[in-house]
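**Q** structure for the following, please:
(one chain, ligands or ions: 1)
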Amino acid sequence: MITILGAGKVGMAAAVMLMMRGYDDLLLIARTPGKPQGEALDLAHAAAELGVDISIRGSNSYEDMRGSDIVLVTAGIGRKPGMTREQLLEANAQTMADLAEKIKAYAKDAIVVITTNPVDAMTYVMYKKTGFPRERVIGFSGILDSARMAYYISQKLGVSFRSVNAIVLGMHGQKMFPVPRLSSVGGVPLEHLMSKEEIDEVVSETVNAGAKITELRGYSSNYGPAAGLVLTVEAIKRDAKRIYPYSLYLQGEYGYSDIVAEVPAVIGRSGIERIIELPLTDEEKRKFDEAVEAVRKLVQALPPQLKG
Ligand SMILES: NC(=O)c1ccc[n+]([C@@H]2O[C@H](COP(=O)([O-])OP(=O)(O)OC[C@H]3O[C@@H](n4cnc5c(N)ncnc54)[C@H](O)[C@@H]3O)[C@@H](O)[C@H]2O)c1
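**A** From the prediction side, this is the model:
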């Protein structure tokens, strides 16, 4: 059973994509009476039209998440134009702590995937408050950040983004670190294919991609994160052992402990199986450090009761 907490724009886009890929036993949980039930009914009708034979339910009761093997956390407020992800910290941290209690009570064996922003700090709160092994507390955004980088590279070079391998590390926010040296197109290092100015442009477009969507339409992205959530569910359900970047609690990797950072990892049935440590140059390590320090600042700004 896959439970989605929060039936907002990200949660519902994920539900639609999961339905279309045939994932059975979907449960939507949200606070507003009628909202998750209505969303589930509409989606169930769409599944019937498409001939997708699955069960989709909505509920206002957290107890119904009993038996979930995956819980996707999408509850919390999103950005408005001009806001940074970091400005959502206070409101959403309390939501994470509240939801951690519910997940602990009713889905103690689930793999928890957090999308709520600022996602690195929210993953930290979820890890501390559930007390789950770190393998089962996974912050989502890295798949989206690297897909955005791949998209901008593909646009500039006129090649399919399926031939692009783009790497983004560190955090999901203004200090995210796209790594051109480790990114490649058809196996050729990016730096052989683009000028420094073009690469700088790709980096800037990647970092500002979410803000651009928010500026244009007045609210933050939802199809992008939803697609990456589906890949994450797929990797878990199929024990696919794919390598994707996630925001994960570090215990010595990259020289860091007791902090969350965006790093590549192998994901399968039991959650995160292994964190991959990429070889970074001194300059790259400095940028990675800046990203991690930005997360640390956010974590430090959390009220003490939400950190431990
Ligand atoms: N990690 C990423 O890559 C990424 C990308 C885009 C958006 N996001 C984040 O995802 C989150 C959700 O975005 P959205 O566009 O779906 O927002 P939304 O406003 O459309 O939906 C959020 C839902 O959360 C619910 N909610 C709010 N506070 C709650 C609480 N305390 N308990 C239970 N439910 C609560 C709301 O009722 C609403 O249904 C935001 O924090 C946003 O910044 C993350």
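**Q** the stretch 101-250 of the chain: helices as residue ranges?
**A** 119-130, 142-157, 196-207, 209-217, 223-237 (DSSP state H, counting those that start in this stretch).
**Q** the first one: how far from the chain's middle?
**A** Looking back up the chat, that one is helix 119-130. 12 Å (Cα atoms, centre = their mean, to the nearest Å).
**Q** neighbours of the one residue in the stretch 151-300 of the chain that gets nearest to the ligand, just the number please.
**A** Using Cβ to the nearest ligand atom, residue 225 is the residue of the stretch 151-300 of the chain that sits closest to the ligand, at 3.8 Å. C-beta here means a position set from N, CA and C on the backbone, and glycine is covered the same way. Counted with other Cβ atoms under 10 Å, the neighbours of residue 225 add up to 26.
**Q** so it makes contact with residue 141?
**A** Yes. If you go by Cβ atoms under 8 Å, residue 225 and residue 141 touch, sitting 7.2 Å apart.
**Q** overlap in contacts, the two.
**A** residue 115 (Cβ atoms under 8 Å, 6 or more residues apart in numbering).
**Q** pick the most deeply packed of the helices of the stretch 101-250 of the chain.
**A** helix 119-130 (a mean of 28; mean count of other Cβ atoms under 10 Å).
**Q** tell me the angle of it relative to helix 142-157?
**A** Helix 119-130 and helix 142-157 are oriented at 160 degrees to each other (axes from the mean of the first three to the mean of the last three Cα atoms, to 10 degrees).
**Q** interface residues of the chain facing the ligand?
**A** Where the chain comes near the ligand, counting by Cβ under 6 Å from any ligand atom, the residues are 6-11, 30-31, 74-79, 88, 92, 95, 98, 115-117, 119, 140-141, 144, 172, 220-222, 225.
**Q** hmm, which of the residues you listed are the buried ones?
**A** 6-11, 30, 74-76, 78-79, 88, 92, 95, 115-117, 119, 140-141, 144, 172, 220-222, 225 (16 or more other Cβ atoms under 10 Å).
**Q** now do the SS call for the nearest residue to residue 301 once chain neighbours are set aside.
**A** Using Cβ to Cβ, 6 or more residues apart in numbering and skipping the chain neighbours, the partner closest in space to residue 301 is residue 89 (6.3 Å). Look at residue 89: counting by DSSP: H, G, I helix; E, B strand; the rest coil, its state is helix.
**Q** hang on, residue 89 packs against residue 300?
**A** No. Counting by Cβ under 8 Å, residue 89 stays clear of residue 300, with 10.7 Å between them.
**Q** ok, the two, which is more surrounded?
**A** Here residue 89 and residue 300 are compared on neighbour count by other Cβ under 10 Å; more neighbours surround residue 89, at 20 against 9.
**Q** gap between the more buried one and residue 8?
**A** 18 Å (Cβ to Cβ, to the nearest Å).
**Q** show the contacting residues for residue 263.
**A** So, once contact is read as Cβ under 8 Å, 6+ apart, residue 263 ends up touching 142, 169, 245-246, 248, 250, 253-254, 275-277.
**Q** columns pLDDT on top of those, output as TSV?
**A** Shown next, in TSV, are these (pLDDT from 0 to 100):
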residue	pLDDT
142	98
169	98
245	98
246	98
248	98
250	98
253	98
254	97
275	98
276	98
277	98
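**Q** of the residues you listed, select the buried ones using a ChimeraX command.
**A** Command for ChimeraX, covering only those of those found buried under the criterion 16+ other Cβ under 10 Å:
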select :142,169,245,246,248,250,253,254,275
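**Q** what's the closest of the contacts of residue 263 to residue 37?
**A** residue 246 (31.4 Å; Cβ to Cβ).
**Q** that closest one: what's it in contact with?
**A** Counted by Cβ under 8 Å, 6+ apart, residue 246 has contacts 138-140, 142-143, 262-263, 265, 267, 272.
**Q** just put those residues in CSV and tack on distance to residue 52.
**A** Below are those laid out as CSV (distance: Cβ to Cβ, whole Å):
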residue, distance to residue 52
138, 26
139, 29
140, 24
142, 29
143, 24
262, 33
263, 35
265, 30
267, 25
272, 29
